[in-house]
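S.K.: give me a model of this one.
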Amino acid sequence: MDIEAEILSVYADCSIENWDGYDASAITKKTMENAKSFVINFPEFFKDRTVAVIPENNGDIVIEIYSAHSDLVLHFNFCFHIGRHN
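M.R.: Okay, here's the model as predicted:
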(Lines give C-alpha, C1' and ligand atoms only; values in the text may rest on other atoms or scores of the structure.)
Protein backbone atom coordinates (compact mmCIF):
# COMPACT_ATOMS: atom_id res chain seq x y z
CA MET A 1 0.00 0.00 0.00
CA ASP A 2 1.34 3.45 -0.81
CA ILE A 3 1.68 6.15 1.85
CA GLU A 4 -1.19 8.30 0.55
CA ALA A 5 -3.50 5.29 0.65
CA GLU A 6 -2.38 4.51 4.21
CA ILE A 7 -3.14 8.08 5.28
CA LEU A 8 -6.61 7.84 3.73
CA SER A 9 -7.19 4.50 5.44
CA VAL A 10 -6.20 5.88 8.85
CA TYR A 11 -8.48 8.87 8.28
CA ALA A 12 -11.40 6.63 7.26
CA ASP A 13 -10.94 4.47 10.36
CA CYS A 14 -10.32 7.29 12.85
CA SER A 15 -12.40 10.28 11.72
CA ILE A 16 -15.05 9.88 14.41
CA GLU A 17 -14.74 10.75 18.08
CA ASN A 18 -13.89 7.81 20.36
CA TRP A 19 -12.61 5.73 17.42
CA ASP A 20 -10.48 3.65 19.78
CA GLY A 21 -13.13 3.13 22.48
CA TYR A 22 -11.05 5.19 24.93
CA ASP A 23 -12.23 8.74 24.09
CA ALA A 24 -9.74 9.33 21.26
CA SER A 25 -10.18 12.56 19.33
CA ALA A 26 -11.28 12.27 15.72
CA ILE A 27 -8.70 12.86 13.01
CA THR A 28 -9.93 15.87 11.08
CA LYS A 29 -10.02 16.23 7.32
CA LYS A 30 -7.51 19.09 7.62
CA THR A 31 -5.08 16.85 9.53
CA MET A 32 -5.37 14.20 6.83
CA GLU A 33 -4.86 16.83 4.11
CA ASN A 34 -1.75 18.18 5.86
CA ALA A 35 -0.18 14.72 6.07
CA LYS A 36 -1.01 14.00 2.41
CA SER A 37 0.35 17.38 1.34
CA PHE A 38 3.71 16.63 2.91
CA VAL A 39 3.91 13.22 1.25
CA ILE A 40 2.89 14.62 -2.15
CA ASN A 41 5.38 17.51 -1.96
CA PHE A 42 8.37 15.38 -0.95
CA PRO A 43 8.02 12.04 -2.81
CA GLU A 44 11.76 11.39 -3.09
CA PHE A 45 12.07 11.69 0.69
CA PHE A 46 10.10 8.45 1.09
CA LYS A 47 11.87 6.46 -1.62
CA ASP A 48 13.63 3.32 -0.35
CA ARG A 49 12.42 3.83 3.22
CA THR A 50 10.07 1.89 5.44
CA VAL A 51 7.11 4.03 6.44
CA ALA A 52 4.37 3.55 9.05
CA VAL A 53 1.24 5.73 9.29
CA ILE A 54 -0.20 5.71 12.82
CA PRO A 55 -3.26 7.42 14.33
CA GLU A 56 -2.76 9.14 17.67
CA ASN A 57 -5.51 9.39 20.29
CA ASN A 58 -5.14 13.20 20.33
CA GLY A 59 -6.25 13.41 16.66
CA ASP A 60 -2.77 13.59 15.12
CA ILE A 61 -1.46 11.43 12.32
CA VAL A 62 2.08 10.19 12.88
CA ILE A 63 4.31 9.17 10.00
CA GLU A 64 7.34 7.14 11.07
CA ILE A 65 10.11 6.86 8.49
CA TYR A 66 12.91 4.33 8.84
CA SER A 67 16.05 3.94 6.78
CA ALA A 68 19.29 2.03 7.24
CA HIS A 69 20.97 5.09 8.72
CA SER A 70 18.33 6.99 10.68
CA ASP A 71 14.72 7.23 11.80
CA LEU A 72 12.34 10.19 11.65
CA VAL A 73 8.94 10.65 13.29
CA LEU A 74 6.57 13.36 11.97
CA HIS A 75 3.36 14.43 13.73
CA PHE A 76 0.64 16.08 11.66
CA ASN A 77 -2.37 17.92 13.02
CA PHE A 78 -4.84 20.51 11.81
CA CYS A 79 -2.35 23.41 12.01
CA PHE A 80 0.70 21.93 10.26
CA HIS A 81 2.21 24.20 7.61
CA ILE A 82 4.73 23.40 4.93
CA GLY A 83 6.95 26.34 4.18
CA ARG A 84 9.50 28.69 5.61
CA HIS A 85 8.98 30.00 9.12
CA ASN A 86 9.75 33.73 9.43
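S.K.: and the helix or strand harbouring residue 38, which residues are buried?
M.R.: Per DSSP states H and E: residue 38 is located in helix 29-41. Within helix 29-41, the residues scored as buried using 16 or more other CB atoms under 10 Å are 31, 32, 34, 35, 36, 38, 39. (Each C-beta comes from the backbone N, C-alpha and C, glycine too.)
S.K.: same deal with stretch 61-71?
M.R.: 61, 63, 65.
S.K.: so the second one is in which element?
M.R.: Secondary-structure assignment from DSSP H and E places residue 63 in strand 61-66.
S.K.: could you check how far residue 14 is from residue 69?
M.R.: Residue 14 sits 31 Å away from residue 69, going by CB to CB, to the nearest Å.
S.K.: would you agree residue 5 falls within a helix?
M.R.: Yes - the assignment for residue 5 (DSSP: H, G, I helix; E, B strand; the rest coil) places it in a helix.
S.K.: what about it, how many neighbours?
M.R.: Applying other CB atoms under 10 Å, we find 10 residues neighbouring residue 5.
S.K.: lowest-confidence helix or strand of the protein?
M.R.: Considering only helices and strands, the least confidently modelled element of the chain by mean pLDDT, DSSP states H and E is strand 71-76, at a mean of 77.
S.K.: can you give me the buried ones in it?
M.R.: residue 76.
S.K.: what residues are up against the residue lying closest to residue 63 once chain neighbours are set aside?
M.R.: Nearest in space to residue 63, with sequence neighbours left out and distances taken as CB to CB, 6 or more residues apart in numbering, is residue 74 at 4.7 Å. Residue 74 makes contacts with 38, 62, 63, 64, 65, as judged by CB atoms under 8 Å, 6 or more residues apart in numbering.
S.K.: find the residue at the geometric middle of this protein.
M.R.: With distances taken as CA atoms, centre = their mean, residue 61 lies nearest the centre of the chain, 3.7 Å away.
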